[in-house]
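Chemist: Any chance you could fold what I've pasted below:
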Amino acid sequence: MNAVAWIVIAGLSLWPFGDKNDDADVKTIESLDRQKPALVEKDNPDASGQSAIRNYREFLRLYPDAPELRAEAMRRLADLQLEAGEERMIEGDLAMSQGIEYRDAVHLYESLLKQNPTAPNNDRILYQLARAYENTNQTEKALTTLDQLVNRYPDSPMVIEAQFRRGEILFVAKRYYPAQRAYAGVVAGDGESRYYEQSLYKLGWSMFKQGEYEEGLDAFFELLDRRLVDRNGELISTDFMTRPERELIDDTFRVSSISVSYLEGPATLDRRMAGDTPPVYAYRLYQGLGDLYLEKERYQDAAESYRSFAVNRPMHELAPSMRSRVIETYKAGDFPSLVLLAKQEFVDEYDVDSAYWTRYEWQSRIEVTGLLQEHLDDLATHYHAVSQDSEEPEPYTLAADYYRRLIRAFPDDPAAAEANFLLAEVLFESGEYADSAIEYERAAYFYPMSPHAAEAAYAAVLAYQAHEPSLEGQARADWHLMGIDSALRFAGRFPGHPESLPVQTQAAEALYELGELQGALAAAQPVLGDPDAPDELKRVAWTVDGHSNFDLNNYLAAEVAYVKVRDLTPADHPGLPDLEERIASSIYKQGEIERAAGDMEMAVMHFARVGEMAPGSKIVVTADYDAAAALLAMEDWHRAAPALEDFRRKYPDHESITDIGRSLAQTYEKSGQGLAAATEYRRIADDETEPADVRREALWHTAELLESHAAVDDAAEAWQEFIKRHPSPIDDSMQLREKLVSYHAGRGDDKERVSWLQAIVAADAAAGESRSDYSRTVAAKASLNLAQPKLRSFVGIKLKIPLKNSLAMKKKSMERALAAYVAAADYGIADVTTEATFQIAEIYHQLSRDLMDSERPKELSAEEIEQYDILLEEQAFPFEEQAIEIHQANTERAASGFYNEWVRASFEELAKLSPARYAKAEISEDYINTM
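Modeler: Next up is the predicted model:
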């Protein structure tokens, strides 16, 4: 059915405001109940339509002077007349429907408008009048009446339908521009209007008729959006629509396709469908456009329309179908080159690893995978055939590519084995040996039931060999390894082949050369396990086994293998010395492993075995050394010492001979042989090749060991040597000088004792900024010791007649003693200073006493003696006073918190010298002791 005709017929029933169930009418009728005469309501189910008409006519006859009621009754009567006419039209009595009912209705509506030109409900009357005009085919009057309604009552609820009716009349009259405006008036209103979608449709057609195709598409697409897209943006199926609804949709797509064909074709759709969310029905637009072109035998345009959708919406579920339409369209148009190109595009877009399959399950799209397989096979076969007659590389390349893709997409298909073998053949024929090797292997082993398996397996080995010369460096090494794998696979799968065992042996050798140790071991085993294998092959295999195990740290297995090789090697073979080194290394490495694991006993055993199993090896020296070192680590001192001594005797020029000396020193010391250890340490101390700090520590420890083992004289010599070699740091050498002072004191050698005391003082004085508290303390004490002989000398001088001579001698001695004690006090060491201060005070006190105890002249009388004593007292008193002052200075240290025996001694002397003044000395001393 023509869509325009359908709209005209359907429109006869789209006049809702005259509906029998109009609530507004009911309300109006109800308002009549308050008037004097009672009228029969329209909706009264007991009154028929004709009865109501008679009643209203009777009312008008009886009440000529009730204008308001008459107006309402006239309107109701006109409505009933109009409805009666429409009912006749529905029943098919078209002649009667255009008779008296419509004429009466028109007359009544016109009278109402004339009598009440400003009545508020005239929009309704105009609407009904237009309805009556249209039903009687008075379309111009209907249009004029609708124009009045729209212009005079723009806010009327009937404007939307009035505009729609105007559009319908104008469209039928082919007045497309005013029809467009009328429909646009409906579309500009309420989107929920029952006329909205019909107006969209007719608006699009109005524009189409005027050649405004782009604008018309806007209306058509909006209609499609409303009818085909649900609230969730999903496509609404047309399966559940009525036939007229489906026809409306189909016609909308059809006219849209025609419009697009008048514009830029698929480019127009591409532009309008651009964006992140094109309409879900877009495929129908492209399909419809393509179908339209196809009807007109515009094959390339049709194909491009289908293709445009697939290109723009590659992930759409119907995109593959569209691409198939492209192929079929080119076939229909007899464009073989374009068919080939379209198939290429299809397989590119829907190949197994394409983006399409990130959205769809491979198994769920059988129709797509079926087409993919068909097109891949067609393309591969085509280009393989072309390559046979072409010297160009491209056909080979394309054929190989499509074979690969066919295999990758359908690996389990029965035809995959044949395709794989053909792929390998194509690659080999084109000189692509690397790829052909891989594909031959696949054809041989991936499809075990293939009749080409053995042929392909051997061809793979040949292909690897053919490609290898073209490579260099690491690439060649890697490829060589792959070739070895292929050879091993070939030998393993086809063991009856005459070249199987030699290939196996060569592969084992090659694997070892490439550092593939586990692979080399595995490859050697079939040869070693074959009792019929020639000795030369076994010797090579055992060599590979030994080398591989050695490099894998399997040293026991390596030793066994190397011994086997030696047994199979002729005595005059030039490789025997190297083989002996291999045996020695294998045994030595076992010792290293045991040592690392902490099993030193086993390590010693293995190190000792090196010399037994391979006496000519260069490793024997290292093994002997490590055996001794392991004994040291075990602290097996009694076994370590002889081992070290033996090593030093056998290898006196060994680079580690110095370490041997150190180890011996430690060993002797740990085993209780202190003097022997001291000898080794002294040897280290005297070795000028040793670092200075090592020599210093060794000499110090030498002295310690000698001293601890009562070799005092040797210790003293070591002390002196240490002081000579290592005068700094000052504290260490000062400590040894103290020992030497004690040593010589013990021997009664006072001269040497004094000499070392003087050396202590001199060393401290010479140290400068290196002086320490310790060195100053030791020097201060040495100064005290050096002052003692001077004190004894002073005390030993007696004052005799002539007093002048002896006094002069005593004063000189006194000055020497005082100078010595002052020097000691000047160190500022509290213990030394207080002692020196006490002794200085006592020197003055001693001189005072000695003066009073001096020899008296014998020739003096008693009176002269008395006067002589007075003179002596006068001479002695200042010295006693000075002694008191010095003692007082010593005791004042107690007030600052320092108190020792010499401070106490000064307190005691003061109590004797000045008892009255120091009567509380005992109390003070107790207090100080408490402090």
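Chemist: Pull the number of nearby residues for F722.
Modeler: Under the neighbour criterion other CB atoms under 10 Å, F722 is assigned a count of 20. The way it works is simple: take the backbone N, C-alpha and C, and place the C-beta from them, glycine included.
Chemist: doesn't R737 make contact with it?
Modeler: No - with contact defined as CB atoms under 8 Å, F722 does not reach R737; the gap is 10.2 Å.
Chemist: Report all helices and strands that whatever helix or strand L341 lives in contacts.
Modeler: Taking DSSP states H and E as the definition, L341 sits inside helix 336-350. With contacts defined as 3 or more CB pairs under 8 Å, 6 or more residues apart in numbering; DSSP states H and E, helix 336-350 has these neighbours: helix 299-312, helix 319-332, helix 366-388.
Chemist: pLDDT below threshold where in the protein?
Modeler: 1-48, 66, 91-99, 656-657, 919-931 (pLDDT under 70).
Chemist: Contact partners for A459?
Modeler: By CB atoms under 8 Å, 6 or more residues apart in numbering, A459 lies in contact with 424, 428, 436, 440.
Chemist: can I assume the last one sits in a helix?
Modeler: Pointing back at Y440 there. Yes - per DSSP: H, G, I helix; E, B strand; the rest coil, Y440 lies within a helix segment.
Chemist: Does the closest residue to it other than its chain neighbours lie in a helix or a strand, and which?
Modeler: Counting by CB to CB, 6 or more residues apart in numbering, Y440 lies nearest to A460, which is 3.7 Å off, once chain neighbours are set aside. Using DSSP H and E, the element containing A460 is helix 453-467.
Chemist: Which positions within that helix qualify as buried?
Modeler: Residues 453, 456-464, 466-467 are the ones in helix 453-467 that count as buried (16 or more other CB atoms under 10 Å).
Chemist: ok, now how distant is the residue most central in space within the chain from M315?
Modeler: The residue lying closest to the centre of the chain (CA atoms, centre = their mean) is T358, at 25.5 Å. Distance, T358 to M315, by CB to CB, to the nearest Å: 8 Å.
Chemist: ditto for R227
Modeler: 25 Å.
Chemist: between those two, which one's more packed in?
Modeler: Neighbours were counted for R227 and for M315 using other CB under 10 Å; R227 has more, 18 against 12.
Chemist: so who does S111 touch?
Modeler: Counted by CB under 8 Å, 6+ apart, S111 has contacts M74.
Chemist: quick check, it in a strand?
Modeler: No - per three-state DSSP, S111 lies outside any strand segment and is helix.
Chemist: Got phi/psi on V229?
Modeler: Main-chain dihedrals, V229, degrees, to the nearest 10: phi -120, psi 120.
Chemist: Over to the residue lying closest to it once chain neighbours are set aside. Which of the three states is it?
Modeler: Nearest residue to V229 in three dimensions, chain neighbours excluded: V280, at 5.9 Å (CB to CB, 6+ apart). With three-state DSSP as the basis, V280 sits in coil.
Chemist: hang on, V280 packs against N232?
Modeler: No - the criterion here is CB under 8 Å, and V280 misses it with N232 at 10.2 Å.
Chemist: In terms of packing, which of those two has more residues around it?
Modeler: Neighbour count, other CB under 10 Å: between V280 and N232, V280 has more, with 17 against 5.
Chemist: Relative to A643, how far out is the more buried one?
Modeler: 92 Å.
Chemist: circling back to that earlier point, may I ask which two of the contacts of A459 are separated the most?
Modeler: F428 and Y440 (7.6 Å; CB to CB).
Chemist: Show me which of those two is the more surrounded one.
Modeler: Neighbour tally, F428 and Y440, criterion other CB under 10 Å: the higher count belongs to Y440, 30 against 20.
Chemist: Looks like the more buried one contacts A424 (just checking).
Modeler: Yes - under the criterion of CB under 8 Å, Y440 makes contact with A424 at 4.4 Å.
Chemist: Overlap in contacts, the two.
Modeler: The overlap between the contact sets of Y440 and A424 (CB under 8 Å, 6+ apart) consists of 456, 459, 463.
Chemist: I'd like those residues laid out as JSON lines, including distance to S813.
Modeler: Below are the shared contacts of Y440 and A424 laid out as JSON lines (distance: CB to CB, whole Å):
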{"residue": "A456", "distance to S813": "123"}
{"residue": "A459", "distance to S813": "122"}
{"residue": "A463", "distance to S813": "117"}
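Chemist: Return the member of those residues nearest to Q50.
Modeler: Of the shared contacts of Y440 and A424, the one sitting nearest to Q50 (CB to CB) turns out to be A456, at 98.4 Å.
Chemist: what sits against the closest one?
Modeler: Contacts of A456 by CB under 8 Å, 6+ apart are 421, 424, 440-441, 443-444, 450.
Chemist: for L579, same thing?
Modeler: 562, 565-566, 569.
Chemist: And the helices in the stretch 801-931 of the chain?
Modeler: 803-825, 830-852, 862-895, 901-913, 921-930 (DSSP state H, counting those that start in this stretch).
Chemist: so which of those is the most packed in?
Modeler: helix 830-852 (a mean of 21; mean count of other CB atoms under 10 Å).
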